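Asks: below is the sequence, then the predicted model.
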Amino acid sequence: MKKYKTEGLSFAHSIDESPDNKSFRLHVHDDYEILCVVSGGVGYIVEGKEYDLSRGSIMIMRRAEIHRLVVKKNEKYERYIINFSPELLEKYGFDVSILDAYNNRALGEKNQYMPSDLSGLDPIGHMRQMAAVLDVTPNESVAVAYTVALLCSVNTAFYAKNTSLGKPRDVFEERIVDYINEHILDDISLSDISESMHISVSQLNRVFNRMTGMSVYNYIVSKRLVYAQGMISRGESAINACQTCGFKDYSSFYRLYKKRFGTSPTGAQKKNISFKA
């Protein structure tokens, strides 16, 4: 898959064998952008600030942030790019706070995230899986699901290293995210999480929504579905994926999977979705 496009979102995989600075001019978008570098000796300038990019680097740009690529070495430049409108995320019920990493910072500041910042998410592997799934299931809900999963990791990283806004690193918030990710596939309830953090369920959801723009339940379900989809794409049975990824019964898993990815788990198996990690 080279490119997927819908009204509010586009996703592209591009390669320049011999990139030239003349081909990459200063520009600006009226939407939001995620760039994931696979390879290349390149840098990025955003609002006059230069970032050195390496394999797995993520760059985020919001509306009206002027930016351009800088070619530093004559090497193959490969990348994935997602452009999306915030209105599309609102359409799918996501709170505007999921874009805090874009909106709550100065122009040209905190545009870059490294793989080590993203709570165990492999950005290149995530993009490759997104491309493979969209190649056989090219619908908007799939594109949004993968985009939101990446945005959640970026948003969490933004708060973890946020200093310029006067908000200190919140160790308690990090503990919540770490605990949930450690037990993401376990039989765990909101009560279990809140008790381990010594706060109420309502407080837990309030803190977590502020960090990620979604509830704890939706976060857990979204991650489990992506894990399950990855297992199915590698040839695991839908039933095994359901059980391994923490879903209590297959009927609920089936319904949630189809709603999120636009196809049934068994349908995904028949299409033999695969990707290179």
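Replies: In hand now; what should we look at?
Asks: quickly find the element holding the nearest residue to N155 once chain neighbours are set aside.
Replies: In this structure, N155 finds its nearest non-sequential neighbour in A101, 5.0 Å apart by Cβ to Cβ, 6 or more residues apart in numbering. Yep, even glycine has a C-beta here, placed from its N, CA and C like the rest. Taking DSSP states H and E as the criterion, A101 maps to helix 100-103.
Asks: name the residues that touch the helix or strand just after that helix?
Replies: Scanning forward in sequence from helix 100-103 by DSSP H and E, the next helix or strand is strand 112-113. With Cβ atoms under 8 Å, 6 or more residues apart in numbering as the test, strand 112-113 has contacts from Y44, Y51, L53, S57, I58, M59, I60, V154, A157, F158.
Asks: how much space separates E182 from I34?
Replies: Separation of E182 from I34 (Cβ to Cβ, to the nearest Å): 26 Å.
Asks: give me the more crowded residue out of the two.
Replies: For E182 and I34, the more surrounded residue by other Cβ atoms under 10 Å is I34, and the numbers stand at 22 against 11.
Asks: give the contact list for R210.
Replies: Applying Cβ under 8 Å, 6+ apart to R210 gives the contacts S97.
Asks: helices or strands up against the helix or strand that contains I45?
Replies: Following DSSP H and E, one finds I45 within strand 42-46. Helices and strands touching strand 42-46, as assessed by 3 or more Cβ pairs under 8 Å, 6 or more residues apart in numbering; DSSP states H and E, comprise strand 49-52, strand 58-61, strand 67-71.
Asks: how does it look with 6 Å?
Replies: Secondary-structure packing of strand 42-46 (3 or more Cβ pairs under 6 Å, 6 or more residues apart in numbering; DSSP states H and E): strand 49-52, strand 67-71.
Asks: what distance do you get for V142 to L9?
Replies: 10 Å.
Asks: next: K259.
Replies: For K259, the distance to L9 - Cβ to Cβ - is 18 Å.
Asks: which other residues reach the biggest helix by length in the chain?
Replies: Counting residues, the longest helix found in the chain (DSSP state H) is helix 140-160. For helix 140-160, contacts defined as Cβ atoms under 6 Å, 6 or more residues apart in numbering pick out 6, 9, 11, 82, 84, 92, 98, 100-101, 113, 117-119, 121, 130, 133-134, 174, 177, 211-212, 222, 226, 260-262.
Asks: after that helix comes which helix or strand?
Replies: In the C-terminal direction from helix 140-160 (assignment by DSSP H and E), the next one is helix 171-182.
Asks: run the angle between that following helix and helix 140-160 for me.
Replies: For helix 171-182 against helix 140-160, the angle by axes from the mean of the first three to the mean of the last three Cα atoms, to 10 degrees is 140 degrees.
Asks: and the following helix or strand past helix 171-182, what does it pack onto?
Replies: Next helix or strand after helix 171-182 toward the C-terminus (DSSP H and E): helix 190-197. Applying 3+ Cβ pairs under 6 Å, 6+ apart, we find helix 190-197 packed against helix 201-212.
Asks: sketch out the low-pLDDT regions of the protein for me.
Replies: Applying pLDDT under 70 to the chain flags the ranges 1, 162-171, 211-214, 268-277.
Asks: great, nothing more from me.
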